[in-house]
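J.: show me the folded form of this:
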Amino acid sequence: MKTEAPFLPGFQSSQIFSGFDSKYRVELQEAIFNIVWFGEGRWNWKDIYEMPIFLRKFWIRKINSIVEDQQAVQQRRSKNIK
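T.: Predicted structure coming up:
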């Protein structure tokens with residue numbers, strides 16, 4: 001007995017889109033978590049999930065920049081202590 005969906009003429013894909021690949025789902029959830037975490041309560045999960053992608057990427061870049069600056073300051077302080 002055949003269990004696959006029939007191939008329809010003109011429909012080239014063998015799979016129907018049913019959401020993101022699992023790799024991208026993890027990336028999306030990590031991005032949402034990081035923005036919510038570093039936002040310190042300014043946003044909730046739903047706000048970030050529904051935020052336009054360009055804004056979400058903007059905030060991720062901003063958070064990365066802040067974390068890099070903090071790490072650089074901490075490294076300079078640790079060198080001065082020694």
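J.: okay, and for this structure, where does confidence drop off?
T.: For the chain, residues meeting the criterion pLDDT under 70 lie at 1-20, 82.
J.: show me where it has helices.
T.: 22-38, 45-50, 53-81 (DSSP state H).
J.: helices and strands around the shortest one, which ones?
T.: With contacts taken as 3 or more CB pairs under 8 Å, 6 or more residues apart in numbering; DSSP states H and E, helix 45-50 sits against helix 22-38. (Glycine included, C-beta is placed from N, CA and C.)
J.: for the helix it packs on, name the packing helices and strands.
T.: helix 45-50, helix 53-81.
J.: what count of nearby residues applies to residue 35?
T.: 22 (other CB atoms under 10 Å).
J.: now swap in residue 30 and tell me
T.: Neighbour tally, residue 30, other CB under 10 Å: 11.
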